[in-house]
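Enquirer: Output the structure for:
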Amino acid sequence: MPTNNLYKSVLLDHFHHPRNKGDLEDADIVRRGNNPRCGDEVEVGLFVHGNFIDKVKFRGRGCSICIASASMMTEAVSGRSADEARHLCDSMQNWLGQSTGQVVGEAPEVLEALSAVREYPARRRCVLLSWEALADAINDM
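Expert: Just a heads-up that it's a prediction; the model follows:
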């Protein structure tokens, strides 16, 4: 199976079976992101212990890319320190070209499937919405 088809399959799996999607009532920090242009709305909840993020959950609605990215983000960040998670957020911004306008760097292996979206600048915002909410939450730790 060509790599791009494999990546699309992974994204669809995360969209149809999102990981860590659910109730955020017991979360220590909750931050929201929305994209009024397409109607995506996501809330990200952090369950923290000291300077570590024990678990990340999300809830919301959005396009398949937005939901898949949020699902993948929860898996990539849970169990990391705030500094590691912040570095991952910055890497995602650079990787998708949001900070410089140019796509640079490589994605962590667990997030490689999101590379299927890199060729579509209009969809990059869909990928980054949950990551931006995560970055806001980390800043409040």
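
Enquirer: Mind jotting down where the strands sit in the chain?
Expert: Using DSSP state E, the strands of the chain run over 29-35, 40-49, 52-61, 80-81.

Enquirer: Which strands or helices does the third one pack on?
Expert: It refers to strand 52-61. With contacts defined as 3 or more C-beta pairs under 8 Å, 6 or more residues apart in numbering; DSSP states H and E, strand 52-61 has these neighbours: strand 40-49, helix 64-77, strand 80-81, helix 82-95, helix 121-139. (C-beta placed from N, C-alpha, C; glycine too.)

Enquirer: Let me know the angle separating it from helix 64-77.
Expert: Computed by axes from the mean of the first three to the mean of the last three C-alpha atoms, to 10 degrees, the angle separating strand 52-61 from helix 64-77 equals 170 degrees.

Enquirer: roughly how far out does strand 52-61 sit from the chain middle?
Expert: In this view, strand 52-61 has its centroid 10 Å away from the chain centroid, taken as C-alpha atoms, centre = their mean, to the nearest Å.

Enquirer: Same question for the first one.
Expert: Its chain's average C-alpha position is 12 Å from that of strand 29-35, according to C-alpha atoms, centre = their mean.

Enquirer: How about the shortest one?
Expert: For strand 80-81, the gap between its own C-alpha mean and the chain's C-alpha mean amounts to 15 Å (C-alpha atoms, centre = their mean).

Enquirer: Same check on stretch 13-26?
Expert: For stretch 13-26, the distance to the chain centre is 12 Å (C-alpha atoms, centre = their mean).

Enquirer: what ranges of this protein fall below the confidence cut-off?
Expert: For the chain, the stretches with pLDDT under 70 are 1-3, 97-107.

Enquirer: if I pick Asp140, what's in contact with it?
Expert: Counting by C-beta atoms under 8 Å, 6 or more residues apart in numbering, Asp140 touches 29, 31.
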